[in-house]
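Colleague: here are the coordinates; sequence isn't available:
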C-alpha cells in the first residue's frame, strides 16, 4: 500500500522551543492533513492543506503542502507543555475517501 | 452535539469470543470509517462506508465485518477474536461533500484486549 514516511519518530524539547516535523511520500497526494492525538483520546484535526505550495497557520502551528505534492511540513512555535502528544500526517489521493496516515511523531515538552 | 461516540471504551475478550463495537455520529456525515491503532503502526483502515448502504474493505479487513445500520451508525464485528486483534479501535466520520470531504473526525476509541 501507499506509504507515508513521517519524521522524526519522537522529539524531546524544552518549553519555548520551536518544533518541526515532516511527512514524505513516493506518491502524489491531493490533500494533506495534520492531526494531534492526546493520550487516551482520538486524533483531532489541526490543519488541512488542499493546494500545492499552500501555507496555513492555526495559532502557533504552521503547515505547508509541498510543491511536489509528495511532502508536507508542520511547525510548532514557542512550544508549551500542552503540545505534548502524537502528531500524525495524513494524505488523500484521487476522489476516494480514504486517508493514508503516517506513523506519528511523539512530542514531549519539558517545562 | 456529541460528534463521534464509541462504545464500549474498554473490553477484554477471550480468544474465540465475538463482540460488536458500536459507533455513532450526529454530524450528518455520509462517510464513516473504522481504524485500528497499534504501537509504531499509526492508523490503519479496516473498513469504510462512503454512504448509507455501502461498505468497502480497507487496508486490514481480515477477521472483521461491518454494518452500516443507518446514516448515523457504523458497527464493527469480531466474529472470533484473536490475540492479534488486541488494539485500539477508532471510528471516524467525514463531511457530506465538497471541500473537506476528507476531513475525518474521530471518536475517543475502544481499547480491546484479547487474551
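Modeller: Everything's here; your move. It should be emphasised that the depicted structure is a prediction, and the values quoted were computed from it without experimental measurement.
Colleague: Show the average pLDDT along whatever helix or strand residue B:44 lives in.
Modeller: Residue B:44 belongs to strand B:42-49 when assigned by DSSP states H and E. Strand B:42-49 carries an average pLDDT of 92.
Colleague: how about the next helix or strand after it, does it reach chain A?
Modeller: Note on strand B:42-49: by DSSP H and E, the next helix or strand toward the C-terminus is strand B:56-57. No. Using Cβ under 8 Å from any Cβ of the partner chain, we find that strand B:56-57 stays clear of chain A, coming within 8.8 Å at best. For glycine as for every other residue, the C-beta is placed from the backbone atoms N, C-alpha and C.
Colleague: residues in contact with the residue nearest the centre of chain B?
Modeller: In chain B, the residue lying closest to the centroid (Cα atoms, centre = their mean) is residue B:34, at 2.6 Å. For residue B:34, the contacting residues are B:21, B:23, B:45-48, B:58, B:64, B:66, B:74, B:76, B:89-92, by Cβ atoms under 8 Å, 6 or more residues apart in numbering or on different chains.
Colleague: Can you tell me the element the closest residue to chain B within chain A falls in?
Modeller: Using Cβ to the nearest Cβ, the point where chain A gets nearest to chain B is residue A:42, with a distance of 3.4 Å. Assessed by DSSP H and E, residue A:42 sits outside every helix and strand.
Colleague: low pLDDT regions in chain A?
Modeller: Scanning chain A for pLDDT under 70 picks out the ranges A:1-2, A:95-97.
Colleague: if you set the cut-off to 80 instead, what comes out?
Modeller: A:1-3, A:94-98 (pLDDT under 80).
Colleague: related to what we said a few turns ago, okay, and the residue nearest to the centre of chain B sits in which element?
Modeller: Here residue B:34 sits within strand B:31-38, counting by DSSP H and E.
Colleague: What's opposite the closest residue to chain A within chain B in the beta bridge?
Modeller: Closest residue of chain B to chain A, Cβ to the nearest Cβ: residue B:106 (3.4 Å). Per DSSP bridges, residues listed as beta-bridge partners of residue B:106: residue B:92.
Colleague: Wait, it touches residue A:43, no?
Modeller: Yes. At 5.0 Å, residue B:106 and residue A:43 qualify as touching, with contact defined as Cβ atoms under 8 Å.
Colleague: So these two - more neighbours on which side?
Modeller: Set side by side, residue B:106 and residue A:43 show more neighbours around residue A:43, with 27 against 22, by other Cβ atoms under 10 Å in any protein chain shown.
Colleague: quick one: pLDDT of the closest residue to residue B:46 other than its chain neighbours?
Modeller: What sits nearest to residue B:46 in space, not counting adjacent residues and going by Cβ to Cβ, 6 or more residues apart in numbering or on different chains, is residue B:34, at 4.4 Å. Residue B:34 carries a pLDDT value of 97.
Colleague: That'll do, ta.
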